[in-house]
Structures are given as C-alpha cells and as structure tokens.
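Generate a structure from the sequence data that follows.
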Amino acid sequence: MTLSIRDTAYQLRQGHLIALADETGWSIAADPTNDSAIDTLLPVLQKGSYPTIIIQNTDQLGLYVAQMPDVAFDLVEFADKPLTVIYDQGKNVSTRLWPANEGSQLGAIAVRRSLSEEVQRLIGGFGRGLLTIPFESLSLPPLPEGLIAGHYGTLPPKMERPRIMVLNVDGGVRFIRK
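Purely as a prediction, here's the structure:
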C-alpha cells in the first residue's frame, strides 16, 4: 500500500517500518529515535550494508553528527549524486545502534542527503531524518510479512548507488566506494 506523507509520518511515529523508494532504490525506513523500531529494523541489515540516516538538507546534519569539520556541510550540500558520509560520532539516535557502546560515546554514523524531492518532503513532514537500511535495488528483497506498514516514494528510471566516504573530525577523507 502506498501512503501519503501524513500517513507515512504517522506510521513512523508509531514505530512502524516503511519501504522507502528514492534515487538509490529501495530501503526500509524507521524513526531513528524509536528503540522498538530500531530493534525491528536491525535484523533486516544485510552483510556489507550500513544503517544510514537520510536527511532533507544540510541544516539537519548537525542533528545527527556530534563533531564534524566545516567541509562536511559543503560536501553534503553540493553533492549532485548520492553521497553517504560516515562521521566519527553520531548523536540523537537510539543507542540500540551501538550496543557495544553503552556509555555516552556513540559510534560512527552514516548520513546521506536525499536528492528525491518526494522523500525530502516526507522528511520535512516527519520533522527529522529517517534511519534506513539501504538495499540499493529496484526491487525489495523478500521480507517477513507484516514487517512494513506501507510504501512511500517513487523509484527512478535508473538507480544510482551512492558514493560512500569516511570523513574524520580532523578533515581526513577515505573513500569506501567511489
């Protein structure tokens, strides 16, 4: 079932998972602050995949990254192709993402600004970023029945796999996928 922005935001706030289509293909999305949603989402994580916060614009970057160099804003703002940036330390997300770090220090966090206007409107309506498990595929893998509450977004004619880079607090850069 395809949901409206309002219905999708409601489902996310209730801790449900949503199948999300954007420029990188299908992913499963959840509220990044909802512990029960995260507990349901993480078993879907496939080998080689990384939970990623999808944001509407660079203004939301500071909500999820504890420390970052100034160049981070420019990298995210001017990316004309999908770019996932992994930062040293995340914040404002469920601590269930880092079960080994029970203290105040949260682990690395991946963030990508959506290039899809449709998904940007959803994030704006939801009021915060979305935690996603990206499948980078034009079809959803088989999922347990009842896992997702609905579908949102439109697949592009041609999917683009995001570039993935690590950006350290000191400005050091390393590409995982170019």
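
Strands along this structure, start to end?
Applying DSSP state E to the chain gives strands spanning 17-22, 25-30, 52-55, 83-87, 109-113, 130-134, 148-152, 163-167, 173-177.

Who does the second one pair with, and is each partner parallel or antiparallel?
The reference is to strand 25-30. strand 17-22 (antiparallel), strand 130-134 (antiparallel) (DSSP bridges).

want to throw the strands of the chain into CSV with distance to residue 36 and mean neighbour count?
All C-beta spots, glycine's among them, are computed from the backbone N, C-alpha and C. Shown next, in CSV, are those (distance: least, CB to CB, whole Å; neighbours: other CB atoms under 10 Å):
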stretch, distance to residue 36, mean neighbour count
strand 17-22, 11, 24
strand 25-30, 9, 25
strand 52-55, 18, 24
strand 83-87, 25, 21
strand 109-113, 20, 24
strand 130-134, 13, 26
strand 148-152, 13, 20
strand 163-167, 28, 18
strand 173-177, 30, 10
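
coming back round to it: identify whichever of the strands paired with strand 25-30 lies nearest to residue 120.
Smallest distance to residue 120 across the strands paired with strand 25-30 (CB to CB): 9.3 Å, for strand 17-22.

Tell me what angle that closest one forms with strand 109-113.
50 degrees (axes from the mean of the first three to the mean of the last three CA atoms, to 10 degrees).

quick one: strand 17-22 to chain centroid distance?
10 Å (CA atoms, centre = their mean, to the nearest Å).

How about residues contacting that strand?
3, 8, 11-12, 26-30, 37, 40-41, 54, 114-116, 118-119, 122, 130, 132, 140, 147-156 (CB atoms under 8 Å, 6 or more residues apart in numbering).
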